[in-house]
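Visitor: sequence and predicted structure below; questions after.
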Number of protein chains: 2
Amino acid sequence: MSLFKKHKETLNKAIDAIHDRAFFAQYPEHPSPKIYGEEADKDGREKFQAGLNKKFEDLLQESPEAWVGQEESPYMQKPLGILYPSFSPNTLISRSKTAWSQWRNISIDDRAAILVESLERFKERFFENAYATMHTTGQGYMMAFQASGPHAADRALESLALGYEEQKRFPEKKLWEKPMGKFNIQLNKTWRAVPKGISLVIGCSTFPTWNSVPGLYSSLITGNTSIVKPHPGAILPMAIVVAEIQKVLKENGIDPNVCQLAADTYDHMITKELAEDPAVKLIDYTGGSAFGSYLEGLKGKTVFTEKTGVNSIILDSVEDVDKVAQNLAFSICLYSGQMCTCPQNFFIPEEGIKSPNGTISFDEFAQKLVDNINGLVDNPKAGPFVLGAIQNPNTVAHTEEAKKLGSKVWMKSRSIENPMFKEARTATPIVVEMTTKDKDKFTKELFGPVVLLIKTKNTQESIQLASELAEAHGAISCGAYTTDNLTKNAIMDAMALAATPVSFNLTGGIYVNQNAGFSDFHVTGGNPSGNASLTNPEYVIKRFTWVGFREPVEE
Amino acid sequence: MSLFKKHKETLNKAIDAIHDRAFFAQYPEHPSPKIYGEEADKDGREKFQAGLNKKFEDLLQESPEAWVGQEESPYMQKPLGILYPSFSPNTLISRSKTAWSQWRNISIDDRAAILVESLERFKERFFENAYATMHTTGQGYMMAFQASGPHAADRALESLALGYEEQKRFPEKKLWEKPMGKFNIQLNKTWRAVPKGISLVIGCSTFPTWNSVPGLYSSLITGNTSIVKPHPGAILPMAIVVAEIQKVLKENGIDPNVCQLAADTYDHMITKELAEDPAVKLIDYTGGSAFGSYLEGLKGKTVFTEKTGVNSIILDSVEDVDKVAQNLAFSICLYSGQMCTCPQNFFIPEEGIKSPNGTISFDEFAQKLVDNINGLVDNPKAGPFVLGAIQNPNTVAHTEEAKKLGSKVWMKSRSIENPMFKEARTATPIVVEMTTKDKDKFTKELFGPVVLLIKTKNTQESIQLASELAEAHGAISCGAYTTDNLTKNAIMDAMALAATPVSFNLTGGIYVNQNAGFSDFHVTGGNPSGNASLTNPEYVIKRFTWVGFREPVEE
């Protein structure tokens, strides 16, 4: 059976799911032994541990020019000691060019088959990758497994399926016959989806896999080669993915340099040199806004960014304030506010939040939120695992400094003990009260577990501020609580124009931070938080060009 | 019957045609009395003539701040004397903002219905528009009718149909149900295609309608309002289109300022002021590269450009050299080389062009081409009508100056007499021989009827030069003549990478200059001749943003 036949059904199911947008997951998110095997977790952990303080030898990139690696575990606060083969930008570009002529000339079906197969191989390493993700990003085990494993693989499948569909949306050939009265003009026409060239995928330190694979698989399915440049602090998760892709390429007679890893170090970053190379036509980037805007400004490149944003919660009226406070406390604590979808600015009317049991005052709500955060943080069976660890030491300092921002500190940030890793770098949320006069202080992303409770005149002002901030400074998520339909419509209108998705009235086990593959568009591309969206058609079609050929039919 | 029901079939047929890519035309290109009525041509001509030296009062834009107009007929070399209502950029922007809130909130079906209806109304004015186009652009009657009338309307329908389809590609709402073991999480999700804002459509002087309506209809169908800024030398053709759109808007209770005309004058152009206004989010532009690149560089805008390119003909081997020379002579003469698809650089191997009857030397081919051009130009029943007139007096001067470029002038440019318009500004093609050493002289577009015959070492060098120029300086079309399959594949590969469509072995009544709606992508967007393509999905989906909303299902 051909590889394409083997994966055709998966591909078609994925394409259907993209258009259906109901729940769909090719890769189960639960790290259950029943699904993944009794030994899967243990094997993964052991494989991760066995790789520490060694060369990472899984890649098929020949003749390394050096071996480098500076990753540190936020849980152990010590180096992982893993060394990756390193190559100069010139070598990487030159190998990518060579590999391109082969890759762009194989059929779309074959490319799709190879890429789906690579995800199946990656699946075998989900647990190893979970530990790799924990010990580079600081994510808790469950998030590390899900986000870097099945959720990332689903996002990759989504992107490659849409890329496949878009390339098949117009015919490969057609007889064009124009009636001219006495005779017909007949032209044989053919079209090609022509890839743009080399794609550079620049990873981030907090979601190294989840934020890298959609761009990577979108570029590869559309016939571009790719150079994956992970963050020097979080290389291993993507090194595993690239290694699996390379193996499947080689097995199928394709140059593994179609997809290369470009590991670098903090003291010698090669990102700019790669990005500015004229052969690099596509750039995918997740990270800070300054570097993202620099990339967006490069001439002759198609650039896909996810940058920073200021996410808002609008509190107007609730059914059950305790459920709301509980839900939001979890959203705030999850991975210590290091998610791009984490809420930061909580807009609360000075007259309080309406509910069937009377109005909850600003102070009452603030106290409920703090109580819920403390309840979660201080629960030794939940807190350490939900919070995880802090990826970057600067984040701890910045979180503490947030106490200077407002009029009142409702809750200070502190560290808690992780029962499994005594050395873990942790920080609990800080909660600060502000007024709308402090606007200049809450217009930027304060990365980490920083919660600003902003007292507004009324909900109208809350909506106005949330949409204005999203439009001017970007927003990736927005949560809103209202039991009033007119208010709900007003929020939808305002946030739609600010190109920000809104989750209404979330309580229970679903959170504003979460975005589901095949259903939620992640980042809209329509505000300054990023110019791209996972995964809308624009995300894949900008990676190739339709070129047509025509010739008269021979008589 | 609702307007949508009336036009649903037209819309569906157009969507099918886009994906089928066989011949399709909603609007017949032949200006035949049988199709358009016995009096249609006469009526159109009279209506055009009656409008000269008067105010153009068809628009529904209230309280003009002034009346302006500086159009001149290239056939009569005198002013048309038509005055258009003029408005400050502030007025235009402010009215557009007001109209937007209504337009973006009506259904996609209603927008589609209104826009198809406007094309039906425009159809009633195809002949009037043909004369308007002749006497602003200098196009011959047949081209003016076809390009500004049915071909433009077909391109508009194509764009609006694709914009309609893209907005319907994802569901408006969906129940998302995630199995969590003991219970399911249920979210009601909805999605909106949110328009970006105000669209500015900047027209050119040579194809005022054909190059403006695709962007205009793409922006309108996706819920944006539009300000149409025609070239001050060619306002009337688009004034007619805008007037018809406004009438249909008003009839359907919509603010006609959804689509406004922004006429200006050479001495006070308002294009930059409009383009730089923060409310303008979309810009469509056809014209010179310098201004196009300035627009592409504006921050916070999505810009669609068609700029200049250097189009090549690659001559390798032919079946019948006379048919080839005849076909190319026509392509060169058509509208005196003022088409963006007109060939300029003819690459001919120094060893000549192979044919079944022996090799045709460089000189032999040059002579054949010149003979065919002269034959056409000097035929009083064809020449004046194929050549038309020269839109811009500078083009005549530039064409003459081309004689300084090369080693030998095979044919000088001269003026010919138009039997209907004694004052017509005309220029026949100039044919100049060059060597590859003159490369710096043939890397730019020489606008007008300028033909450069470039002697290359061999076909390989011809291909190399054609693709290199396209990649570095842009190309909108390419013609190639080869009877050898390997050579053909080499040309396809090289030009595909330079994102340039290729017409092979055209002879008879089909020309490299022609691009058919619903089948040929016009400009690929992949080389410096423009960043947009008529009409690929990218052309429409960049005009709106997908935004999602979600909320738990009430228990």
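Guide: Sure, I can see it.
Visitor: work out the gap between stretch A:384-401 and the centre of the chain.
Guide: Here stretch A:384-401 is found 19 Å from its chain centre; the criterion is Cα atoms, centre = their mean, to the nearest Å.
Visitor: sorry, slip of the keys, the one I care about is stretch A:387-403.
Guide: 21 Å.
Visitor: show residues contacting stretch A:79-87.
Guide: Residues outside stretch A:79-87 that contact it (Cβ atoms under 8 Å, 6 or more residues apart in numbering or on different chains): A:51-56, A:59, A:61, A:64-73, A:95, A:135-136, A:235-236, A:239, A:260-264. Glycine gets a C-beta too; all of them are placed from N, C-alpha and C.
Visitor: endpoint to endpoint, that stretch covers what distance?
Guide: With Cα to Cα, to the nearest Å applied, stretch A:79-87 spans 22 Å between its terminal residues.
Visitor: list the buried residues in it.
Guide: Going by neighbour count (16 or more other Cβ atoms under 10 Å in any protein chain shown), the buried part of stretch A:79-87 is A:Leu80, A:Ile82, A:Leu83, A:Tyr84, A:Pro85, A:Ser86, A:Phe87.
Visitor: let me know the closest of those residues to chain B.
Guide: Comparing the buried residues of stretch A:79-87 against chain B with Cβ to the nearest Cβ picks out A:Phe87 as the nearest, at 24.9 Å.
Visitor: next, the spatially closest residue to A:Leu216 that is not a sequence neighbour: phi, psi?
Guide: Closest residue to A:Leu216 apart from its sequence neighbours, by Cβ to Cβ, 6 or more residues apart in numbering or on different chains: A:Val201 at 4.9 Å. Per-residue torsions, A:Val201: phi -110, psi 110 (degrees, to the nearest 10).
Visitor: now A:Ala480
Guide: phi -140, psi 140.
Visitor: same check, this time on the one 4 residues further on
Guide: For A:Asp484, the backbone dihedrals are phi -110, psi 130 (criterion: degrees, to the nearest 10).
Visitor: run a quick neighbour tally on the closest residue in space to it that isn't next to it in sequence.
Guide: Spatially, and ignoring its direct neighbours in sequence, A:Asp484 is nearest to A:Ser317 (5.9 Å; Cβ to Cβ, 6+ apart). A count of nearby residues for A:Ser317, using other Cβ atoms under 10 Å in any protein chain shown, gives 21.
Visitor: which residues touch the closest residue to A:Arg104 other than its chain neighbours?
Guide: Nearest non-adjacent residue to A:Arg104, counting by Cβ to Cβ, 6+ apart: A:Gly223, 4.2 Å away. A:Gly223 makes contacts with A:Trp103, A:Arg104, A:Ile108, A:Arg111, A:Ala193, A:Val194, A:Pro195, A:Phe544, as judged by Cβ under 8 Å, 6+ apart.
Visitor: quick one: average confidence on the helix or strand harbouring the fourth one?
Guide: Assigned by DSSP states H and E, A:Arg111 falls within helix A:108-123. What helix A:108-123 shows for mean pLDDT is 98.
Visitor: using CSV, write out every CA atom in that helix.
Guide: Output of helix A:108-123 as CSV, limited to C-alpha atoms (Å, rounded to 0.1, in the frame of the first residue of the first chain):
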residue,chain,number,x,y,z
ILE,A,108,1.3,17.1,-3.4
ASP,A,109,-0.1,13.7,-2.5
ASP,A,110,3.4,12.4,-1.8
ARG,A,111,4.3,15.4,0.3
ALA,A,112,1.1,15.0,2.3
ALA,A,113,1.7,11.3,2.9
ILE,A,114,5.2,11.9,4.1
LEU,A,115,4.1,14.7,6.5
VAL,A,116,1.2,12.7,8.0
GLU,A,117,3.5,9.8,8.4
SER,A,118,6.0,12.0,10.3
LEU,A,119,3.2,13.0,12.7
GLU,A,120,2.5,9.3,13.3
ARG,A,121,6.2,8.8,14.2
PHE,A,122,6.1,11.9,16.4
LYS,A,123,3.2,10.4,18.2
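Visitor: so is that helix next to chain B?
Guide: No: applying Cβ under 8 Å from any Cβ of the partner chain, one finds helix A:108-123 separated from chain B by no less than 14.7 Å.
Visitor: show me what that helix packs onto, helices and strands only.
Guide: helix A:3-20, helix A:150-167, helix A:213-221, helix A:236-251 (3 or more Cβ pairs under 8 Å, 6 or more residues apart in numbering or on different chains; DSSP states H and E).
Visitor: go again using 10 Å as the cut-off
Guide: helix A:3-20, helix A:89-103, helix A:150-167, helix A:213-221, helix A:236-251 (3 or more Cβ pairs under 10 Å, 6 or more residues apart in numbering or on different chains; DSSP states H and E).
Visitor: what angle do it and helix A:89-103 make?
Guide: 120 degrees (axes from the mean of the first three to the mean of the last three Cα atoms, to 10 degrees).
Visitor: flag every buried residue along helix A:108-123.
Guide: A:108-109, A:111-123.
Visitor: any idea which of those residues is closest to chain B?
Guide: A:Ile108 (14.7 Å).
Visitor: burial measure for A:Pro449, as a count.
Guide: Using other Cβ under 10 Å: A:Pro449 sits among 29 other residues.
Visitor: wait, it sits on A:Cys333?
Guide: Yes: A:Pro449 is within contact range of A:Cys333, at 7.0 Å (criterion: Cβ atoms under 10 Å).
Visitor: in chain A, which segments are predicted with low confidence?
Guide: Scanning chain A for pLDDT under 70 picks out the ranges A:555.
Visitor: now, the buried residues of stretch A:79-87 that are in strands?
Guide: A:Tyr84, A:Pro85, A:Ser86 (DSSP state E).
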